[in-house]
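**Q** Give me a 3D structure for the following:
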Amino acid sequence: MNWLRDVSRAVRRKKHVSSTQQPSILVRCLSTADLSFVGIGCMLGSGVYILTGEVAAEMAGPAAIISFLIAGIVALFSALCYTECATRFPETGASYLYAYVSLGELIGFLIGWNAIIIRILAVSFVSRGWSAYFDNVIGARVFNFTMDVLLDGAEWEVPLVSSYPDILAGVVSLSATVLVALGTELSAKTGRVFVLINIVTVLMVIAVAFVYADYSHLVKHGGFAPMGYGGIIKGAAAGFAGYSGFEAIAFAAEEAKDPKKGLPISVGLSFVTAILVYMGGAFAITVLADWQNINAASPFVSAFEAVDAKWMSIVIAVGALCSMTGGLIACAYCFARAIFVMGRDGLIPAIFARTSTTSHTPTVATMFGGIISVIASIFVNFVALIEFLSLMIFVEFVIVAMACILMRYNPTRDHCGEERNIEHVVQEQKQRQTCNKELSGEINNDMTYQSDNDQHSTSSSTDVQAPRFASEEITPAEMDKRRPTVTAIMEGHEQSCEYNKDLPAESEVNNHDVANGRSCNRFSASINNESIGELTPLLGSLPPTSSQILCQSEKKPGRLLWSSDNPVKTVLSSLMVFIVSTIVIVWIVSYKMEEIRGDNDVLTFVLMVAAMLAVTGCVPLFMLKQYTDEIPFKVPLMPFIPLLSIVSNIILMMRFEPLTWIELGVWTAIGLVVYFVYGIRHSKEAGTVPITPNRYTQASKTYS
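**A** Now for the predicted structure:
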């Protein structure tokens, strides 16, 4: 049982992160413009030349313009959550980092595990698109050569394997990987050139479309929205995938020159550009040709052929290839950082965290991911994996929205900015024991302390056992002598609170409020070891965490218990109730509405209960205090926007087939095996104490 308890603590431990810029082996060389082009390149990719045609021809008709606008706004909700987290913790890792900090190591590992495969397969997918587009321009010569020379005219017929080896796609994928490995600044500048060419091409397409436009196409065959409201929403769901590349900006946080200012600006510029490009592209093809005649595979070429402007096909080919090249570079950059940061944290072998001494890039992680992407580019059939990749992206967005909410309501994160692990506690044991001896010869059951309003001194942190001050009265003179050695019990905080000369009565302390949580002003609490300290076989009675102290100090008569004791657990519980209820509601509305219309009382009752629980689950989020001090960028209308992001992503997730969920479950199970075999034992947050069944015995011998 002790071993199970130990594993339970291990999977819930959280990453130690500073909210300020820390020295890094990666070079901060990316300007705001560089970040913007990284985001634009990843968001556009091949989508503007393919996705626009699919939405217009098969889902929304001319109303595809509205679909892309809605999709962009909904995607922006998720991007705002990423931006607050990225500016708060300016390190690479994106969704993996935010989940690790707020939800614990196991969830963080699984999100990082998914993030790696998403970005690697994204490179492979775009490489296949690049190869197909280029081969189409030159008359399918690559395909014909491969079939005649390598396969003798017989295509492969193996599940999940491509019908023929796409060598050109492998070469393209390898080229993007090598470019990223050569240096961040070099790849950023190269990507900027390709993205600029793409934007100029789209602007030219829109300008020429105005010349040849026939606006009657916008209202033919059913009007502007021939598929109705449902078609617009279906188109928005498909268009949402086109904006999913914005997280590339979050991956670049550790290499941004000024992340606190550059990240929000670059996210805004990227979204404005991407929304205008997608809407402009949809407008161009629907005014050039009847939406029923648009070729979804090559919409721009077919649209200009309809108005006898075939010369534009060359311009479109150049723009499409440049757009996909910029997307390739950005995606390769992302998977390299995703692998690197997990290796740096010890959750996968540390060799992946090695960097080049010349380029200061994670070359091992880059080339490892590149090799996998090359193999996938040549052999994998992506038709069966597109929905799998999309589902993982939506899961990632939900987790980041949860992390954003949790960190906003977490006093530990805002007051202290960091958490400590067992190693840090053990290292400071002797220092705290010395402090306790000076305070009192005996350890009693209660401790009361208060900080002065204006005076602060440097604090390291806590003892292995929570100190309990003597209950006898201490005179102000004695307290002045002891002040230099007294430290508040704060985890990872760089400032501590000194004692007031006049200690208040216990009732006054318990009702005292925290006026400024970040600076620890007027910090006071009454701590009982049995109610706050955590008992462990290894360390005995652990000290109370800073969040527990703050919650105790914020108790006020009339407040609900969850509001004063543990806001983080309350918020997490509320989010889980809200998410589960939302899943039930969306599932019933999506698949069981006919039965409800047929007076199915059971489903109607379940729908009503789920709606009530969803609303009730949000109540604590509007009552608990938000900690916003020193957050460079804040998501507006918290918690409305993150909750809307969660709801929108759940709606999109529910449209996937059961097979897609099974694929996700299999990949997650593989990740769990990797974590429990390797990651849990080598995590940097585990300190020097190994995760084994004999950990308590070994640790007691080591640190006694």
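**Q** neighbours around residue 43, how many?
**A** Residue 43: 31 surrounding residues under other Cβ atoms under 10 Å. For glycine as for every other residue, the C-beta is placed from the backbone atoms N, C-alpha and C.
**Q** Name the next helix or strand downstream of the helix or strand where residue 371 lies, please.
**A** Here residue 371 sits within helix 363-379, counting by DSSP states H and E. Counting by DSSP H and E, the element after helix 363-379 in chain order, helix or strand, is helix 386-408.
**Q** So residue 680: helix, strand or coil?
**A** Local secondary structure at residue 680 is given as helix here, using DSSP: H, G, I helix; E, B strand; the rest coil.
**Q** Please give me every residue in contact with it.
**A** Taking Cβ atoms under 8 Å, 6 or more residues apart in numbering, we find residue 680 in contact with 7, 10, 11, 105, 686, 691.
**Q** Can I get the helix holding residue 371 as PDB, trimmed to CA atoms?
**A** Listed next in PDB are the C-alpha coordinates belonging to helix 363-379 (Å, rounded to 0.1, in the frame of the first residue of the first chain):
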ATOM      1  CA  THR A 363      19.700  18.400 -32.800                       C
ATOM      2  CA  VAL A 364      19.200  14.900 -31.400                       C
ATOM      3  CA  ALA A 365      15.500  15.500 -30.800                       C
ATOM      4  CA  THR A 366      15.200  17.200 -34.200                       C
ATOM      5  CA  MET A 367      16.800  14.400 -36.200                       C
ATOM      6  CA  PHE A 368      15.000  11.600 -34.200                       C
ATOM      7  CA  GLY A 369      11.700  13.200 -35.000                       C
ATOM      8  CA  GLY A 370      12.800  13.900 -38.500                       C
ATOM      9  CA  ILE A 371      13.700  10.300 -39.200                       C
ATOM     10  CA  ILE A 372      10.200   9.100 -38.000                       C
ATOM     11  CA  SER A 373       8.500  11.800 -40.100                       C
ATOM     12  CA  VAL A 374      10.500  10.700 -43.200                       C
ATOM     13  CA  ILE A 375       9.500   7.000 -42.700                       C
ATOM     14  CA  ALA A 376       5.900   8.100 -42.200                       C
ATOM     15  CA  SER A 377       6.000  10.400 -45.300                       C
ATOM     16  CA  ILE A 378       7.100   7.500 -47.500                       C
ATOM     17  CA  PHE A 379       5.000   4.700 -46.300                       C
END
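**Q** Identify the residues contacting it?
**A** 116, 119-121, 123-124, 127-128, 131, 161-162, 165-167, 169-170, 172-174, 176-178, 180-181, 332, 335-337, 339-340, 343, 351-356.
**Q** among the contacts of residue 680, who's most crowded?
**A** Counting neighbours by other Cβ under 10 Å, residue 105 comes out on top of the contacts of residue 680 with 24 neighbours.
**Q** sorry, back to before: among the contacts of helix 363-379, which ones are in helices?
**A** Judged by DSSP state H, the subset of those located in helices is 116, 119-121, 123-124, 127-128, 131, 167, 169-170, 172-174, 176-178, 180-181, 332, 335-337, 339-340, 343.
**Q** pLDDT at residue 303, what is it?
**A** Residue 303 is assigned a pLDDT of 85 by the prediction.
**Q** quick one, helices of the stretch 51-200 of the chain?
**A** With DSSP state H, counting those that start in this stretch as the definition, the stretch 51-200 of the chain shows helices at residue ranges 64-88, 95-103, 105-137, 141-145, 167-182, 184-212.
**Q** circling back: filter the contacts of residue 680 down to the ones in helices?
**A** Per DSSP H, these map to helices at 7, 10, 11, 105.
**Q** Please name the residues that touch the closest residue to the last one other than its chain neighbours.
**A** Right, the one you point to is residue 105. Excluding the flanking residues, the one nearest residue 105 by Cβ to Cβ, 6 or more residues apart in numbering is residue 13, at 5.2 Å. Applying Cβ under 8 Å, 6+ apart to residue 13 gives the contacts 104, 105, 421, 683, 685, 686.
**Q** pLDDT (mean, whole number) over stretch 177-195?
**A** On average, stretch 177-195 scores 93.
**Q** So which bits of that stretch are buried?
**A** Applying a neighbour-count criterion of 16 or more other Cβ atoms under 10 Å, one finds 177, 179-185, 187-188, 190-192, 194-195 buried in stretch 177-195.
**Q** what do you get for stretch 636-645?
**A** Under 16+ other Cβ under 10 Å, the buried positions of stretch 636-645 are 638, 639, 641, 642, 643, 644, 645.
**Q** re the thing from before, which member of the ones in helices among the contacts of residue 680 is positioned nearest residue 605?
**A** Distances from residue 605 to those, taken as Cβ to Cβ, are shortest for residue 11 (36.5 Å).
**Q** what's the pLDDT at that closest one?
**A** According to the prediction, residue 11 has pLDDT 91.
**Q** isn't it right next to residue 105, touching?
**A** Yes. With contacts counted by Cβ atoms under 8 Å, residue 11 reaches residue 105, the gap being 5.8 Å.
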